[in-house]
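[1] Got a predicted structure here, sequence first:
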Amino acid sequence: MRRGLFITFEGPDGSGKTTQIKRLQMFFEDKGQKTLLTREPGGTIIGEKIRTLILDPEHKEMDPITEAMLYAASRAQHTAQVILPAINSGCTVICDRYMDSSIAYQGYGRKLGDPVRVINEIAVRGLAPDLTFLLLLDPEVGKSRICGELDRLELEKSAYHNDVYQGYLKLAEQNPKRIVVIDADRGIEEIHTEILETIAARIHPDLLSMR
Ligand code: TYD
């Protein structure tokens, strides 16, 4: 059985990840490719409970280390219960955020630094995405695009979101083979086409000729 691809999407809040993820899943499914769309924090019953706990705007007292460990705990469960079994059964997994989010938000945003990478390496058990799309948009523009009520992380001040943004830029610089930076301040179709072309060029040579 051929191992499935593992593709992750990253970016500041409001960067349009969810729209692009759904477009990509539809593309794969139209081509008859078994695809699993999942997200972090969450993706399992335990993970969704952790998600509710972390994002609740009432939990203002949450300590940054508690926060980092909760994200890592959700990821550990998600990796073991969902992502690894799916990839091993030949399914393409598309995940809305993964370990890079923790490094950007908790490592750079909360300034917890390298320990965040260490706890997450335990959580992911050596699994790394085959390709990561980093959708970049000016953090202020991103915030203005968010519909509905803001969650606890979205309510953070602009300085925090700027640090997250800078953290993402550093991650992209350090991982040029895996992380592809996408200018998210463009139309949905234009971005979708760039994503497909990148997947074809980097990890799936037959993608555009699949019927
Ligand atoms: P998400 O549901 O992806 O929010 P959005 O759709 O608005 O991008 O993620 C929820 C929040 O959790 C988001 O503000 C980013 C944050 N987050 C972290 O701080 N660390 C992490 O490891 C993950 C996965 C998310």
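    Cool, the structure landed.

[2] Quick one: name the residues of the protein near the ligand.
    Applying Cβ under 6 Å from any ligand atom, we find that the chain lies next to the ligand at 13, 18, 40-41, 55, 71, 96-97, 101-102, 105-106, 153-154. All C-beta spots, glycine's among them, are computed from the backbone N, C-alpha and C.

[3] and those, which two are the farthest apart?
    Maximum pairwise distance in these, criterion Cβ to Cβ, is 21.2 Å, between T18 and Q106.

[4] Could you check which of those two has the larger neighbour count?
    Using other Cβ atoms under 10 Å as the criterion, T18 and Q106 rank with Q106 on top: 27 against 13.

[5] contacting residues around that one?
    Q106 makes contacts with 64, 67-68, 71, 112, 116, as judged by Cβ atoms under 8 Å, 6 or more residues apart in numbering.

[6] Could you check how far the nearest residue to it once chain neighbours are set aside is from L112?
    By the measure of Cβ to Cβ, 6 or more residues apart in numbering, the closest residue to Q106 outside its immediate chain neighbours is A68, 4.0 Å from it. For A68, the distance to L112 equals 6 Å [Cβ to Cβ, to the nearest Å].

[7] Just name the shakiest helix or strand of this protein by mean pLDDT.
    Lowest on mean pLDDT, DSSP states H and E among the helices and strands of the chain sits helix 139-145, with a mean of 76.

[8] Counting neighbours, which bits of it end up buried?
    Judged by neighbour count using 16 or more other Cβ atoms under 10 Å, the buried positions of helix 139-145 are 139, 142-143.

[9] residue ranges for the strands of the protein, please.
    Taking DSSP state E to define them, one finds strands in the chain at 6-10, 35-39, 92-96, 131-136, 179-183.

[10] Now find how far off-centre whichever helix in the chain runs longest is within its chain.
    Longest helix of the chain, by residue count under DSSP state H: helix 158-174. Distance of helix 158-174 from the chain centroid (Cα atoms, centre = their mean, to the nearest Å) equals 14 Å.

[11] Report all helices and strands that it contacts.
    strand 131-136, helix 139-145, strand 179-183 (3 or more Cβ pairs under 8 Å, 6 or more residues apart in numbering; DSSP states H and E).

[12] got the contact list for R110?
    Contacts of R110 (Cβ under 8 Å, 6+ apart): 64, 67-68, 160.

[13] how about 10 Å then?
    63-65, 67-68, 102, 116, 156, 160, 163-164 (Cβ atoms under 10 Å, 6 or more residues apart in numbering).

[14] what pLDDT does it get?
    Looking at R110, its pLDDT is 96.

[15] cool, and R211?
    Taking R211 on its own, its pLDDT is 69.

[16] ditto for S15
    So, for S15, pLDDT stands at 89.
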